[in-house]
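In: one predicted model, sequence on top.
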Amino acid sequence: MAQLRGVLYPKYSGNDVIAVHFDEMADLLELQGANPFRVRAYRNAASTVRKTNIDLGQLIACGKPLPKLQGVGDDLASKIREIVTTGDCALRQRLRATVPSGMVELLSIAGLGPKRVGRLYQELGVENIQQLCQAAQQGRIRQLTGFGRKIEAQLLNSALRGLNKHRRFPLADVAPLAQGLIREIARIPGVEQATVAGSLRRMRDTVGDIDILVAAGPEVGVIARFIQLETVSTVLTKGHTRASVLLRSGLQVDLRVINPDVYGAALVYFTGSKLHNIALRKMAHKAGLKLSEYGLFGAHETFTCRSEADVYRALKLPWIAPELREDRGEIQAALAGQLPRLVELGDLKGDLHVHTLDSDGDNSIEEMALAARKSGLEYLAITDHFHSLQMAHGLIRERLLQQIDQIDALNARMGGVTLLKGIEVDILEDGSLGLPDDVLSRLDVVIGAVHTHFNLSRSKQTARYLKAIEHPYFSILAHPLCRLINKREPVDLDLDAVIRAAAARGCSLELNAQPERMDLFDIHCQHAKSEGVLISVSSDARDVADFSNLYFGVAQARRGWLRGQDVLNTRPVCAIKSLQCGV
DNA sequence: GCCGTTTTCGGCCCGACTGTTTTCAGTCG
């Protein structure tokens, strides 16, 4: 569903435009009944293009040849060039001319795939969601062979409630619900293990549903107990080994009951990602083995698969952390013995982005400091907004100078945590900073952030960021892409250029761990790391409870392959203070 | 449409579940 995937990927490079075109062509080809493997080729190419760090548009603009990309042959490479140079693709135009535009949207309805959409169109003239609702309400869908009352009701329900297959929720909203379910399921007598799987276990910043695996024998009756849980509102499907339900919150949960002897194989399979699984299966195939959720099999032997480590070991691989399982080079790194030692929450020594009562926070400086100390942090940068940001009740100049004195006094009095003097200063439309140098010079940490003018052109937006980074007192770029999950798209920006500028200036980029921000994205962290730019994993806390954001921020950093040494705030406080010493 | 230690053609993951029909098609993960 090309139109409804806005949440999933950043648009920091032109690659996303290419990927959206490929996805749309896959949808349209599928609706036309094209060879399913041809459809898959377009989807695979879209995925590859999204994952690559190379800005393909930039490359073509420089007259350089395209590198070999997985799943992109001569034909799709020529279409990439066509999209980059003309902004469109002739095949896409031809397909759009033959398929009504609303039909692509119909693919987003749960229970509708290309075959059913095709029949609804041919036999009932249904071209969009509105017409689908009308046909269902008039009882016309049930009259088609192969359809019936239940399917008709399900489609109407899905369409009316806006349930679609691509809706995603912030990780931090879903994780506590999942942990609650795991606790309940683990209490069922006879259950040996219960684990979250899927994108939630891989700690993607958004998740579409909750996947849960349970190790138990068939006599335990897990499914029957599960669908009776208090939080379950609707049972969508249930069988002997699997059930899907909706929670009262509207979130879907898929539960699978697994034989404990093959729990490891099932956990690998259902944790995914799909591309990681395919890569593992290919490896197994080459070794003459067959890997599935039911185990790993040779011609004459069956391997032990009780744990994930058993499975990876049999494939001659070390265990791979779920956050890395995206087929972004983790298997090659594992084979070479070069998997990174990923950063952990306990590696963080400080937090460099925190608000207090002086701007839009709910707690005093001292309360935030005590909470940070309790969270095991050694230092904390107080970074309230300056007054140019009216909406966050920013500090006035005099108050900021008072705050500096107050921090000195608290540092003299408090033990166990060091407070740093900081500011979250606006990057104005022209790239200048909303605070004079004589004030900036008194601070330990200057975080710059864009809070207005999100819709500048790509070139103007990039120039704005680059000018800000060049400022001698600028130390960290906060929430670089300004996205809000499900609310605001990332700004259009040449992030490659920004990362290069940060590397040249010795500045850091922030990974803002507010649940609805999660900004930077994982692939950007990986890119920044490759350019030698440190990432600051920050809570952007508004109150004392918000330090828990750091858990999810670290997860995103791990998905970006970051090690402890790649994260700015794993360093001791003296290293942070020295950021401004080179000015 | 891509790919290749089974290479220029033939395979591309495949099983669970549902609703419908009565042996299977379609969807989903």
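Out: Perfect, thanks for sending it. Residues are numbered from 1 along each chain as shown, chains lettered A, B, ... in the order given.
In: so what's the closest residue to DNA strand B within the stretch 301-450 of chain A closest to, chain neighbours aside?
Out: Closest residue of the stretch 301-450 of chain A to DNA strand B, CB to the nearest atom of the strand: A:Asp327 (12.4 Å). Every residue, glycine included, has its C-beta placed from N, CA and C. When the adjacent residues along the chain are set aside, A:Asp327 lies closest to A:Leu275, with 3.6 Å between them (CB to CB, 6 or more residues apart in numbering).
In: how about the secondary structure of the residue of the stretch 301-450 of chain A closest to DNA strand B?
Out: coil (DSSP: H, G, I helix; E, B strand; the rest coil).
In: so who does it touch?
Out: Residues in contact with A:Asp327 (CB atoms under 8 Å, 6 or more residues apart in numbering) are A:273, A:275-276, A:278-279.
In: quick one, which of those residues are buried?
Out: A:273, A:275-276, A:279 (16 or more other CB atoms under 10 Å).
In: now those residues in JSON lines, with distance to A:Ala266, pLDDT and secondary structure?
Out: Supplementary listing: the buried ones among the contacts of A:Asp327 in JSON lines, determined by distance: CB to CB, whole Å; pLDDT from 0 to 100; DSSP: H, G, I helix; E, B strand; the rest coil:
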{"residue": "A:Ser273", "distance to A:Ala266": "15", "pLDDT": "90", "secondary structure": "coil"}
{"residue": "A:Leu275", "distance to A:Ala266": "18", "pLDDT": "86", "secondary structure": "helix"}
{"residue": "A:His276", "distance to A:Ala266": "15", "pLDDT": "91", "secondary structure": "helix"}
{"residue": "A:Ala279", "distance to A:Ala266": "18", "pLDDT": "88", "secondary structure": "helix"}
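In: which of those residues sit farthest apart?
Out: A:Ser273 and A:Ala279 (9.6 Å; CB to CB).
In: in the host helix or strand of A:Gln134, what counts as buried?
Out: Assigned by DSSP states H and E, A:Gln134 belongs to helix A:129-137. Across helix A:129-137, burial judged by 16+ other CB under 10 Å covers A:129, A:131-132, A:135-136.
In: dump these to JSON lines, plus distance to DNA strand B and pLDDT.
Out: Formatted as JSON lines, the buried residues of helix A:129-137 follow (distance: CB to the nearest atom of the strand, whole Å; pLDDT from 0 to 100):
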{"residue": "A:Ile129", "distance to DNA strand B": "14", "pLDDT": "86"}
{"residue": "A:Gln131", "distance to DNA strand B": "16", "pLDDT": "90"}
{"residue": "A:Leu132", "distance to DNA strand B": "12", "pLDDT": "91"}
{"residue": "A:Ala135", "distance to DNA strand B": "14", "pLDDT": "93"}
{"residue": "A:Ala136", "distance to DNA strand B": "12", "pLDDT": "92"}
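In: three-state assignment of the residue of the stretch 351-500 of chain A at minimum distance from DNA strand B?
Out: Closest contact between the stretch 351-500 of chain A and DNA strand B, by CB to the nearest atom of the strand, is at A:Asn486 (18.5 Å). Following three-state DSSP, A:Asn486 is assigned to coil.
In: give the contact list for it.
Out: So A:Asn486 contacts A:7, A:168-170, A:516 (CB under 8 Å, 6+ apart).
In: check A:Ile523 too.
Out: A:10, A:51, A:53, A:328, A:560.
In: 7 Å instead, please
Out: A:51, A:560 (CB atoms under 7 Å, 6 or more residues apart in numbering).
In: that one should be in a strand, yeah?
Out: No. Counting by three-state DSSP, A:Ile523 is not part of a strand but helix.
In: ranges for the helices of the stretch 101-250 of chain A?
Out: A:101-106, A:114-124, A:129-137, A:149-161, A:171-186, A:198-201, A:222-226 (DSSP state H, counting those that start in this stretch).
In: ok, the first one near DNA strand B or not?
Out: The reference is to helix A:101-106. No. Under the criterion of CB under 7 Å from any atom of the strand, helix A:101-106 makes no contact with DNA strand B; the nearest approach is 9.5 Å.
In: interface residues of the stretch 251-400 of chain A facing DNA strand B?
Out: Near DNA strand B, when you scan the stretch 251-400 of chain A using CB under 7 Å from any atom of the strand, you find A:252, A:254, A:270, A:274, A:278, A:281, A:285-286, A:292.
In: give me the number of residues near A:Ser307?
Out: 16 (other CB atoms under 10 Å).
In: pretty sure it contacts A:Gly264?
Out: Yes. The criterion here is CB atoms under 7 Å, and A:Ser307 meets it with A:Gly264 at 4.2 Å.
In: extract the residue ranges of chain A that are flagged as low pLDDT.
Out: Low-confidence segments of chain A (pLDDT under 70): A:1-14, A:161-165, A:387-396, A:580-583.
In: which residues does the residue of it found nearest DNA strand B contact?
Out: Closest contact between chain A and DNA strand B, by CB to the nearest atom of the strand, is at A:Gly148 (1.4 Å). Counting by CB under 7 Å, 6+ apart, A:Gly148 touches A:Arg142.
In: tell me the residues of the stretch 101-250 of chain A that contact DNA strand B?
Out: Residues of the stretch 101-250 of chain A lying near DNA strand B (CB under 7 Å from any atom of the strand): A:110-117, A:142, A:145-152, A:154, A:165, A:198, A:209, A:211, A:237-242.
In: repeat that with 6 Å
Out: Residues of the stretch 101-250 of chain A lying near DNA strand B by CB under 6 Å from any atom of the strand: A:110-116, A:145-151, A:165, A:237-242.
In: only the buried subset of the residues you listed, as a ChimeraX command please.
Out: Selection of buried members from those for ChimeraX, criterion 16+ other CB under 10 Å:
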select /A:110,112,114,116,147,151,165
